[in-house]
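> from the sequence below, what's the structure:
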Amino acid sequence: MLRVLFSLAVLVTFCDATCRVIPLKITLDGEPQGCKDEHGAMHDFDSEWKANCEKCTCDKTGIQCCNTFMKPVEYDKVKCHAIFDKASCHYNVVEKANPSVECEVTAYTS
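Here you go, the predicted model:
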C-alpha cells in the first residue's frame, strides 16, 4: 500500500509541475539543428536534460522546462519554516526553534 501511495505522490508531483516554454528561434541561416537554451548550450531535437531543478525537453517548437519540486503550502507557519535545498531540489520544512526537527506538511503546490 505504501508503494502505491508513493507512486501516486510522484505522479501528482510531475503532473502538477510548473512549466515554461522557450520558443524555437528561427534564424536566417536555415533550419535549426536543435534548441539553444538561455545559457547558450545547444540541445538536439527530442532530447531531455535536467538543470536548475527543472526537467527540460527540446522539440521542433522549442524548449519546455518544468520544475521538479513541489513547494509546501500547508504546515504550521508559526512554528515551522520551509528551506529549499538546491542540491536536492527539495524543500525541507523544519521547526524554527529546532531545525533538526521536521514538521508535518499536509499540502504541496508546484
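
> what's around the nearest residue to Ser47 once chain neighbours are set aside, how many residues?
Spatial nearest neighbour of Ser47, excluding adjacent residues (CB to CB, 6 or more residues apart in numbering): Cys58 at 5.2 Å. C-beta: built from backbone N, CA, C; applies to glycine. For Cys58, the neighbour count with other CB atoms under 10 Å is 24.

> before we move on, what about Ser88?
When neighbours are counted by other CB under 10 Å, Ser88 registers 10.

> and for Tyr75?
So Tyr75, with other CB under 10 Å, has 20 neighbours.

> 761 is where my numbering starts, stick with that
Right, with 761 as the first residue, what we last looked at is Tyr835.

> give me the mean pLDDT for stretch 861-870.
Stretch 861-870 shows a mean pLDDT of 95.

> hey, what's Thr817 bridged with?
Beta bridges link Thr817 to Glu808, Gln824 when assigned by DSSP bridges.

> in contact with it, which residues?
By CB atoms under 8 Å, 6 or more residues apart in numbering, the contact list for Thr817 reads 806-808, 823-825.
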